[in-house]
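Asker: coordinates only, no sequence provided:
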């Protein structure tokens, strides 16, 4: 297969065209056969992405506009985020984000998440996972959370309903 490079989006244009109250994923990489995922996310002033952990993937977080803070879940020193800051979020790290007074717009880039698969039946036992995991799928971006009862989506920052 010979792939051809292409411009997918002009992020400044997407940010400029968004309504003032638009938050969450404004754009997602959607090409078939890709090995990467990317999301353009915007948070309004003072908005937060609650503490969460990505257990499978490292994530590159690139700040495009605004400012904010990244607070490590291990009690470490909060990181100041400003336009053009690139931050590595290693898998298994816990963190939360808080937008500054001008809001926060950022691009996340990571390896594409493997698709969901149906596994062979395990021996019967008490407890275990529920038969349906739809309550872990973000209604805004469609990503499945690794957490059993997520409050915020780790990919786009949207709050899960009824939480």
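Answerer: On my side now, so go ahead. These numbers come from a predicted model, not from an experiment. Residues are numbered from 1 along each chain as shown.

Asker: mind listing the helices for this protein?
Answerer: In the chain, the helices defined using DSSP state H lie at 11-17.

Asker: count the neighbours of residue 137 for me.
Answerer: 16 (other CB atoms under 10 Å). No exception for glycine: its C-beta is placed from N, CA and C like everyone else's.

Asker: same question, residue 84
Answerer: 8.

Asker: how about the contacts made by it?
Answerer: 62, 63 (CB atoms under 8 Å, 6 or more residues apart in numbering).

Asker: and it, how far from residue 52?
Answerer: 24 Å (CB to CB, to the nearest Å).

Asker: same check on residue 26?
Answerer: Taking CB to CB, one finds residue 26 at 20 Å from residue 52.

Asker: so between those two, which is more surrounded?
Answerer: residue 52 (21 against 18).

Asker: nearest spatial neighbour of that one, skipping sequence neighbours?
Answerer: Leaving aside its chain neighbours, residue 52 sits nearest to residue 154 (4.3 Å; criterion: CB to CB, 6 or more residues apart in numbering).

Asker: ditto for residue 62
Answerer: residue 107 (4.6 Å).
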